[in-house]
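Student: My questions are about this predicted structure, shown below with the sequence.
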Amino acid sequence: IFDSFADHPIAAASIAQVHVATLNGRKVAVKVQHRNVARLLLADLDLARRLVRIIAWLEPRYDLSWVMNEWCREVPQELDFLHEAQNMRTVQAAAAAYNAQPNCRAPFDVVFPRLCDDLISRKVLVMEFCPGVKVTDLQALRHHQVDLNHLVDQIGRAYGFQMLLDGRFNGDPHSG
């Protein structure tokens, strides 16, 4: 499928890791779910649910079962990259519609990587590779002459739009 595929990931987190690959001459990012992570995550949720029940039984004032129920509904969706891809499309469309308004008072400039729709599954997500540096790497930002005030303004506008106007936002943002 790929012209080339890096053996070592450029990023890794609890659910997946990201590799750089080449597809039809274009650089892409390939997010691959860790093996057995679904089984482990669901077991962790089950254990957390049991702990919440025990705590509620011992001290009813700390009954957080309502939080746990919501968490158990939402967290498994993190394992479905088809769902993640749809969320990316939804947020991208909403941002484009907002920024296109004639009287848009707080437009923001955010890059959304193009998805490779034919290569997305529940456990693999392939998208355009967008090079950059972490927003926490001040040395690299200065090296690239990034206007830090403008960067912070754009991040604030993007998250403000998502949380206050659109109602959808990334509850687990990563710095890069």
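Tutor: Cool, got the structure. Residues are numbered from 1 along each chain as shown.
Student: Now do the strands in the protein.
Tutor: Assigned by DSSP state E, the strands in the chain fall at 4-5, 11-12, 16-23, 26-33, 124-128.
Student: Identify whichever of those lies nearest to N103.
Tutor: Nearest to N103 among the strands of the chain is strand 124-128; the distance by Cβ to Cβ comes to 31.0 Å. All C-beta spots, glycine's among them, are computed from the backbone N, C-alpha and C.
Student: outside of that closest one, which residues touch it?
Tutor: 16, 21, 23, 26-33, 81, 84-85, 88, 113-116, 119-120 (Cβ atoms under 8 Å, 6 or more residues apart in numbering).
Student: Okay, helices next: where are they in the chain?
Tutor: Secondary structure of the chain (DSSP state H): helices at 37-58, 65-74, 81-99, 138-143, 148-160.
Student: and the ones you listed, which is most packed in?
Tutor: Highest mean neighbour count among these (mean count of other Cβ atoms under 10 Å): helix 81-99, with a mean of 15.
Student: got the angle for that helix vs strand 26-33?
Tutor: On the basis of axes from the mean of the first three to the mean of the last three Cα atoms, to 10 degrees, helix 81-99 is oriented at 130 degrees to strand 26-33.
Student: Name the residues that touch helix 81-99?
Tutor: Counting by Cβ under 8 Å, 6+ apart, 16, 31, 33, 77-78, 104, 107-108, 110, 112, 115, 117, 120-125, 127, 158, 161-162, 165-166, 168 sit against helix 81-99.
Student: For this structure, give me the ranges with low pLDDT.
Tutor: Applying pLDDT under 70 to the chain flags the ranges 171-176.
Student: Out of the strands of the chain, flag the one nearest L141.
Tutor: Comparing the strands of the chain by Cβ to Cβ, strand 11-12 comes nearest, at 18.1 Å.
Student: What strands line up against that closest one, and which way round?
Tutor: Strand 11-12 has the following strand partners under DSSP bridges: strand 16-23 (antiparallel).
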